[in-house]
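>>> let's see this in three dimensions:
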Amino acid sequence: MVDGRYRTGRTAADDGPDGPPSAVAADRPPDSPLADPAAVHFDDEERPARALTGRIGIAVAVVAFAAALLVLWQVFRPLAQGSQFYLIIFLAGTLPLVFLVYRSGFPPRKTDQPDLSAYQRDLKADQPDLKTTKPKRRDLPSPLDWALAVVTLLVCLYPVNPFAGGYNEFLNRQGLLETPDVIAGAVMLVLVVEACRRTTGLALPIVCLAFLAYGYYGGLLPQNWSIAHSGLDFAQIVDALYNSGSGFYGTPLDVAATYIVLFTIYGAVLDLSGASRFFVDLSVAAFRKSRSAAGRTAVAAGFLLGTVSGSGTATAVSVGAVTWPMLRRAGYPAEQAGGMLAAAGVGAILSPPTLGAAAFIVAEYLDVSYLTVLGWAMIPTVLYYLGILLAVEIDVRRFQVRPIDAPATSAWRLLGRFGYHFSSLVLIVLLLAVGQSATRAVVYATLLAAVLSFLDRRAWLTPRRLFAALSAGVRGVLPVVAVCAAAGIITATTTKTGLGAQLASLLIDGARAVSDNQTVVLALTVVLAAIALAVLGLAVPVTASFIIGWVIIGPALLGLGVSAPAAAMFVFYYSVLSEVTPPTALAAVGASAITGGRTVPTMWQALKYALPAFLAPIAFVLTDPGEYLLARGPVTGVVWATVVAAFAVVGLAVATGGWVPGIGAAGPASRVLGGLAGLLLLYLAPLTIAAGAVALALAAGIAIIHRTGRTTL
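Model (predicted):
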């Protein structure tokens, strides 16, 4: 990873005689800043990083490569001292790099902020040669950065320090930490919060400090308050964070160090092998004869690239870089195109087989296989992209989108020459299906992708490029490591004080203050939970949003009889959707930087495209048949629920797009009826399904009458 992004390499499809010409490259004017097809991917959970070059860049790459080897070793030969020992070593190899790779932000620089110009500059920037490029002074770590990195290394390794008794003796002091232990833990706490601030901004550190304050001062609250507790002293807090399985070395970091980093490495290898470019070219070729080819291409490319990146903003920016010229020539307004790209990109976090990082935490928290979580995500993903595609078809008619002259590259020819890029993705699913662990499955898939790269002479993974891929994979996970370590502050405080159950009780009591009816209570709780998660997602990254939401909102839903899978996927989806929720909507910010459109209108357009994803998760938890949308239940139930939900998506598309597919423009009455039909159908109860079907039929009937009247006139 360079500057916090991946860059794809050229493939034979670009300029080699062995492959077809690139459809996307041919669509760009030669003087375009996007003429270089190297796609740039942004991690949803990180701020712009330094472009470290020269000796410092090589040193960081070497350390990251060593960490990657440790991760791979742990998959097949786990360290004998246990999982927590491995996490200590992993954190010692990654957390110090944060202080070298990410700037402190003091004094503030324009380049420290993820604004629109930063995205545009980065799209034009090429990866510098580590051996020949002299690093700019502003990109060099300061003496303070080096000092923090060294101190971080020391406190991370303190638990295994042989002079303090070694690892086993440190564990034996749990609950009875000595003064040096408390000092080391306190320093570690400060460094974790600072690393989180550097990579994600101020919001999550402020949340962490609020939880710490609650843990320390909660004993001073009036004891008749439901959130009051007996209070924790500083040593107890440090012990919970530094010497237990629920703090820094808890489930979030475990997931980052065992699953997420491996999938990040896999994404880097697949990217360097030319897969990302192939997916975009295939999307162009598949829809080149359609009037809505440009929009369909953007959506399809977003889905295919999402299977590799699992990052919403990354996919939105990458797809936008190569498809915006087509969308512009087809006649899409900048804001409309940006909203489409953002929504298609966010689908990357919702799309199997590589969901967002929080999906791995879902599997870990619920003690199920990752394949099970993928199964739960299948139908919601189909519904999500159905909504986007319907919106695309409606926009083609609303904005009089023009057909474009796409290169006459055959999709079958592309599949025949480069279709092997799908092999590693299929292998992951097959290995999971036969019982292999997710970690081994992704390692084998990575090996396959590396071997298959030699089918394209321009994408060979030579030892140097393989070294770059492994180090990029670890460097790419640095923001997630910081977030997951900081999330340990939240989970440890919640566990020690019982805050999760208390806040869940408050949420339910608030709903019961309105009504005693159990259905109404559940509906109000779900709405309040959705609002809370949406607001939370505005401030913190997706992974942290899920963790906080699960420990607070999860117990409330479980207490009302919602199943654990439905509750977890509800929290997961609403955590992800912060990427398209104004006023932050990072995916929309990135897309607007590509299209040059206004940022806030682009956010609202993205929200329109992503609307089905906001409403479908509510269906999971409101009624028992809602779980059928997670593929949980009898086959007949899953089929009819999916069909009904698809018609609900059609109704929502009518309401937001102002067009009835196959009929024509929808007036205000048709739009209102379409929206009402969508809401009623998603409730998945017999009475509401019947009412929703009637409303949808009325919407279509009124649109037909209006069309007939206009034709007569």
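
>>> can you pull the contacts of the closest residue to Leu557 other than its chain neighbours?
Distances taken as Cβ to Cβ, 6 or more residues apart in numbering put Ala567 closest to Leu557, at 4.0 Å, once the chain neighbours are dropped. Yep, even glycine has a C-beta here, placed from its N, CA and C like the rest. Contacts for Ala567 (Cβ atoms under 8 Å, 6 or more residues apart in numbering) come out as 553-554, 557-558, 621.

>>> tell me which element Ala567 falls in.
Assigned by DSSP states H and E, Ala567 belongs to helix 564-576.

>>> quick check: mean pLDDT across that helix?
For helix 564-576, the mean per-residue pLDDT is 88.

>>> before we move on, the earlier item: going by distance to Val589, which of the contacts of Ala567 wins?
Each of the contacts of Ala567 was scored against Val589 by Cβ to Cβ, and Ile553 proved nearest at 26.3 Å.

>>> number of nearby residues for the closest one?
Close neighbours of Ile553, defined as other Cβ atoms under 10 Å, add up to 26.

>>> touching, it and Ala568? I think so.
No. Judged on Cβ atoms under 8 Å, Ile553 makes no contact with Ala568 at a distance of 10.4 Å.

>>> mind listing what's buried in the host helix or strand of Ala240?
Here Ala240 is covered by helix 234-242, with elements defined by DSSP H and E. Using 16 or more other Cβ atoms under 10 Å as the test for burial, helix 234-242 gives 235-242.

>>> ditto for stretch 619-630
Buried positions in stretch 619-630, judged by neighbour count with 16+ other Cβ under 10 Å: 619-623, 625-630.

>>> and the next element down the chain from the helix holding Ala240?
helix 251-255.

>>> what inclination does the longest helix along the chain have with respect to helix 564-576?
Assignment by DSSP state H gives helix 370-398 as the longest helix of the chain. Computed by axes from the mean of the first three to the mean of the last three Cα atoms, to 10 degrees, the angle separating helix 370-398 from helix 564-576 equals 50 degrees.

>>> moving C-terminal from helix 370-398, which element do we reach first?
helix 411-418.

>>> what's the weakest-modelled helix or strand in the protein?
Across the helices and strands of the chain, the lowest-confidence element by mean pLDDT, DSSP states H and E is helix 12-15, at a mean of 36.

>>> next, Leu52: secondary structure please.
Following DSSP: H, G, I helix; E, B strand; the rest coil, we place Leu52 in the coil state.

>>> tally of neighbours for it?
By other Cβ under 10 Å, the residues close to Leu52 number 24.

>>> now the one 10 residues further on
Counted with other Cβ under 10 Å, the burial measure for Val62 works out to 12 neighbours.

>>> ok, it touching Val474?
No. Using Cβ under 8 Å, Val62 is not in contact with Val474; the gap is 10.8 Å.

>>> ok, residues contacting the host helix or strand of Ser424?
Element membership for Ser424, per DSSP H and E: helix 423-433. With contacts defined as Cβ under 8 Å, 6+ apart, helix 423-433 is touched by 266, 270, 307, 352-353, 369-371, 374, 438, 440-442, 444-446, 448-449, 452.

>>> inside helices: which ones of these?
Those of these lying in helices (DSSP H): 266, 270, 307, 370-371, 374, 438, 440-442, 444-446, 448-449, 452.

>>> list only buried entries from the residues you listed.
The buried subset of the ones in helices among the contacts of helix 423-433 (16+ other Cβ under 10 Å) comprises 266, 270, 307, 370-371, 374, 438, 441-442, 444-446, 448-449, 452.

>>> and stretch 661-679, C-alpha only, in PDB?
Extracted C-alpha coordinates of stretch 661-679, given in PDB (Å, rounded to 0.1, in the frame of the first residue of the first chain):
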ATOM      1  CA  PRO A 661     -40.400   0.600 -14.900                       C
ATOM      2  CA  GLY A 662     -41.900  -0.400 -18.200                       C
ATOM      3  CA  ILE A 663     -44.600   2.300 -18.000                       C
ATOM      4  CA  GLY A 664     -43.300   5.800 -17.700                       C
ATOM      5  CA  ALA A 665     -43.100   8.800 -15.500                       C
ATOM      6  CA  ALA A 666     -44.700   8.600 -12.100                       C
ATOM      7  CA  GLY A 667     -46.600  11.500 -10.700                       C
ATOM      8  CA  PRO A 668     -46.800  12.500  -7.000                       C
ATOM      9  CA  ALA A 669     -49.600  10.000  -6.300                       C
ATOM     10  CA  SER A 670     -47.700   7.100  -7.900                       C
ATOM     11  CA  ARG A 671     -44.500   8.000  -6.100                       C
ATOM     12  CA  VAL A 672     -46.300   8.100  -2.700                       C
ATOM     13  CA  LEU A 673     -48.100   4.800  -3.400                       C
ATOM     14  CA  GLY A 674     -44.800   3.200  -4.600                       C
ATOM     15  CA  GLY A 675     -43.000   4.200  -1.300                       C
ATOM     16  CA  LEU A 676     -45.900   3.000   0.700                       C
ATOM     17  CA  ALA A 677     -45.900  -0.300  -1.200                       C
ATOM     18  CA  GLY A 678     -42.200  -0.800  -0.500                       C
ATOM     19  CA  LEU A 679     -42.600  -0.300   3.200                       C
END
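
>>> follow-up on the earlier one: in JSON lines: the contacts of Ala567, plus pLDDT and distance to Ala357.
Below are those laid out as JSON lines (pLDDT from 0 to 100; distance: Cβ to Cβ, whole Å):
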{"residue": "Ile553", "pLDDT": "86", "distance to Ala357": "19"}
{"residue": "Gly554", "pLDDT": "87", "distance to Ala357": "17"}
{"residue": "Leu557", "pLDDT": "88", "distance to Ala357": "22"}
{"residue": "Leu558", "pLDDT": "88", "distance to Ala357": "23"}
{"residue": "Val621", "pLDDT": "88", "distance to Ala357": "23"}
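
>>> in a markdown table: those residues, plus secondary structure and distance to Arg103.
Converted to a markdown table, these look like this (DSSP: H, G, I helix; E, B strand; the rest coil; distance: Cβ to Cβ, whole Å):
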| residue | secondary structure | distance to Arg103 |
| --- | --- | --- |
| Ile553 | helix | 34 |
| Gly554 | helix | 36 |
| Leu557 | helix | 40 |
| Leu558 | helix | 42 |
| Val621 | helix | 42 |
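
>>> and which of the residues you listed is nearest Ala228?
Ile553 (20.8 Å).

>>> contacting residues for that closest one?
Applying Cβ under 8 Å, 6+ apart to Ile553 gives the contacts 504, 507, 529, 532-533, 567, 571.

>>> quick check: Leu679 touching Phe614?
No. Between Leu679 and Phe614 there is no contact under Cβ under 8 Å: 11.5 Å.

>>> if we can go back for a sec, for the helix holding Ala240, packing partners?
helix 179-200, helix 203-217, helix 478-497 (3 or more Cβ pairs under 8 Å, 6 or more residues apart in numbering; DSSP states H and E).

>>> now it, how far from the centre of its chain.
31 Å (Cα atoms, centre = their mean, to the nearest Å).
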